[in-house]
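**Student:** make a model of this:
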Amino acid sequence: MNRPTTVSGADEGAAEAGAAPAAGRAVVPCRACLSGEDLDWLGGRSVSLALDLTTSVTVRPPAARPPTGAATDDGAGAWADEVWAFLRQRLPGLGVRPPAVTAHSDAPAASGLSSSTALIVALFRAFTEAAAAPGCGGRPVPVRTLAQWAYEFEFAVFNGGGMDHLAVIAGGLLLLDGRTTGLPEIVHRSAFPDEWAVVVLDSATRKDTSDHIRSVRAQLAAGDARLAEYRERTDAASAEVWDAVRSRELSLLGAAMDRAHGAMRDLQGMSTPLLEELRAVARRSAGLPLKLSGAGGGGALVGVCPAAEQADVVARLRRALGPAHPRARVIPARAAAGLAPELAAAPAP
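**Tutor:** Numbering: from 1, shown residues only. Modelled structure (predicted):
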């Protein structure tokens, strides 16, 4: 979903009586996992970083036409319908059908950067803000409630954890402590160093998160020793990643992310031969250590470099990848604030 997209509502944006919000817009970052995949629900520490590859959702006023170039997207439309149905069970006065919305995302889909969570959170925020607009009769939804609802909604589909929801809402750099049920605890939130930038290498191979989570839950139920070792090694890597960022030691950060990736690959089989080849190209051509972001195999690799060198690193990577990997994309990114950074200060239930 990389262009404006009409995702729900009647043909001209007409909504049912009682469901005609006058306004509502949300812009949500994606997130890179620097260490700790699955530990948000297995238990243990993880580190996330919000990135400025954003997803936006705008509720169109009744009878408004979609923007020029907008096109129907069945996947996003299904999420909009399901989010609206979820909200109707919790907010009085919402009509049967959702209002029309336009959505746009800069983040690659199914890449391990939480683009689907960003869309879901953006829909929750846009719909609840629109319902609370003057004349619509609703009340604002607290940000902690918004995060909890988005987590519950996605848990019912994927049975995973809540790192992504906290990461895109609170933004910045988060150190999380996972829980076997419910949202993780935000242990610390910090700004990312301004002198650092992020390079995303999208492999153009899709992840399959739902199958991965089913497999890991089966490992957990069986008391799998490799999973226990993965948790131990990755928890330690997360602490090293956090300390490296806080001390502004870029080489230590790269080494810690490399150890986190090694645990993912060697103990949980999350990497692929293609991803390992892309990592080797990045190291050889640009001196950039890359780590897989997100579980499920495939998707995007992320690395951190000096901001002053980002353009050169991106150019060198693109040149090196072009002949053999024409579908791979190199995307420059920076750290981003979240949808509602105050979430980090909101008391956990």
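**Student:** only C-alpha atoms from now on, for both contacts and neighbour counts.
**Tutor:** Will do.
**Student:** which helices and strands does the strand or helix carrying residue 210 pack with?
**Tutor:** Taking DSSP states H and E as the definition, residue 210 sits inside helix 209-222. Helix 209-222 sits against helix 143-158, helix 225-246, with contacts defined as 3 or more CA pairs under 8 Å, 6 or more residues apart in numbering; DSSP states H and E.
**Student:** at 10 Å what do you get?
**Tutor:** Helix 209-222 is packed against helix 39-42, helix 143-158, helix 225-246, helix 250-268, with contacts defined by 3 or more CA pairs under 10 Å, 6 or more residues apart in numbering; DSSP states H and E.
**Student:** how far off centre is the shortest one?
**Tutor:** If you compare the mean C-alpha spot of helix 39-42 with that of the full chain, they lie 16 Å apart, counting by CA atoms, centre = their mean, to the nearest Å.
**Student:** can you give me the buried ones in that helix?
**Tutor:** When neighbours are counted by 16 or more other CA atoms under 10 Å, the buried residues of helix 39-42 are found to be 39, 40, 41, 42.
**Student:** tilt between the helix holding residue 210 and helix 250-268?
**Tutor:** On the basis of axes from the mean of the first three to the mean of the last three CA atoms, to 10 degrees, helix 209-222 is oriented at 70 degrees to helix 250-268.
**Student:** if you drop the residues flanking it in sequence, what lies closest to residue 202?
**Tutor:** Leaving out its chain neighbours, the residue that sits closest to residue 202 by CA to CA, 6 or more residues apart in numbering is residue 300, at 4.2 Å.
**Student:** neighbours of that neighbour, just the number please.
**Tutor:** By other CA atoms under 10 Å, 29 other residues sit near residue 300.
**Student:** I'd say it and residue 329 touch.
**Tutor:** Yes. Shown here, residue 300 and residue 329 form a contact pair, counting by CA atoms under 10 Å, at 9.2 Å.
**Student:** how close does the residue nearest to residue 219 when sequence neighbours are not counted get to residue 40?
**Tutor:** Among residues not flanking residue 219 along the chain, residue 227 sits closest, at 6.8 Å (CA to CA, 6+ apart). According to CA to CA, to the nearest Å, residue 227 and residue 40 sit 14 Å apart.
**Student:** likewise for residue 283?
**Tutor:** As judged by CA to CA, residue 283 and residue 40 stand 29 Å apart.
**Student:** now residue 218
**Tutor:** Distance, residue 218 to residue 40, by CA to CA: 17 Å.
**Student:** cool, residue 232 as well?
**Tutor:** Distance, residue 232 to residue 40, using CA to CA: 13 Å.
**Student:** could you do residue 338 as well?
**Tutor:** 19 Å.
**Student:** then residue 337?
**Tutor:** For residue 337, the distance to residue 40 - CA to CA - is 21 Å.
**Student:** picking up where we left off before, ok, of the buried residues of helix 39-42, which one's closest to residue 256?
**Tutor:** Nearest to residue 256 among these: residue 39, at 16.2 Å, using CA to CA.
**Student:** wait, that closest one touches residue 46, no?
**Tutor:** Yes. Using CA under 10 Å, residue 39 makes contact with residue 46 at a distance of 6.4 Å.
**Student:** now do the shared contacts for these two.
**Tutor:** 163, 176, 177, 178, 184, 234, 235, 238 (CA atoms under 10 Å, 6 or more residues apart in numbering).
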